[in-house]
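Participant: Pasted the sequence and its predicted model underneath.
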Amino acid sequence: MSGTYLPAGLPRPLPDALDAPFWEAAGNGILAIQRCADCGTWRWGPEWICHHCHSFNFKYEEVKAEGLIYSWERVWHPTHPALVNATPYIIALIELPHAGHVRMVGNLLGDPRQPVAFGARVRAIFEPHEAGDGMPAFTLVQWKLE
């Protein structure tokens with residue numbers, strides 16, 4: 001490993017106009033979640049249209065970088081060649097109470113064999129990665145038990 005939770009060699013996120021504000025905020029250590037600019041409905045993953053009021057107007061708002069474990073899975077089989085020697089690892093579905101209870105998937109940092117409880121409090125960790133090959137660096141949002 002390179003001082004990060006995930007090994008080098010994973011593909012970097014390719015932000016587009018829809019999710020670029022999320023990645024930019026993460027690079028600055030901020031958790032920003034998409035919200036409808038008209039009705040205020042929170043949404044994750046990012047969408048072009050609000051499923052509540054059908055507005056195309058959206059913004060990203062900073063939220064507290066903390067949540068609750070809604071569900072989780074211990075992964076034993078690598079999903080990418082770069083993860084061959086990095087299993088097991090834990091992925092978690094994190095509920096964000098400060099963003100309308102939307103949920104986002106992320107890695108749970110720490111011992112991959114640690115006990116995990118539903119409803120456990122977690123906080124976001126912003127993990128910088130060098131992309132290599134002249135590509136810009138990027139930051140992943142990971143989660144850690146409090």
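Facilitator: Right, received. Where do you want to start?
Participant: Enumerate every residue touching Ala137.
Facilitator: Gly27, Pro128, His129, Glu130, Ala131 (C-beta atoms under 8 Å, 6 or more residues apart in numbering). Heads up, the C-betas are built off the backbone N, CA and C, glycines and all.
Participant: Out of the residues you listed, grab the one that's most surrounded.
Facilitator: His129 (16 neighbours; other C-beta atoms under 10 Å).
Participant: Quick check: bridge partners of the closest residue to Ala65 other than its chain neighbours?
Facilitator: Distance criterion C-beta to C-beta, 6 or more residues apart in numbering; nearest residue to Ala65, sequence neighbours excluded, is Ala124 at 3.6 Å. Per DSSP bridges, the residues bridged to Ala124 are Trp143.
Participant: cool, Ala32 as well?
Facilitator: Bridge pairing for Ala32 - DSSP bridges - gives Glu62.
Participant: Quick check: it vs Ala99, distance?
Facilitator: Separation of Ala32 from Ala99 (C-beta to C-beta, to the nearest Å): 9 Å.
Participant: More neighbours: these two, which one.
Facilitator: Ala99 (22 against 19).
Participant: In this structure the more buried one contacts Trp44, no?
Facilitator: Yes: between Ala99 and Trp44 there is a contact at 7.3 Å, judged by C-beta atoms under 8 Å.
Participant: Quick check: neighbours shared by those two?
Facilitator: Common neighbours of Ala99 and Trp44 (C-beta under 8 Å, 6+ apart) are Ile33.
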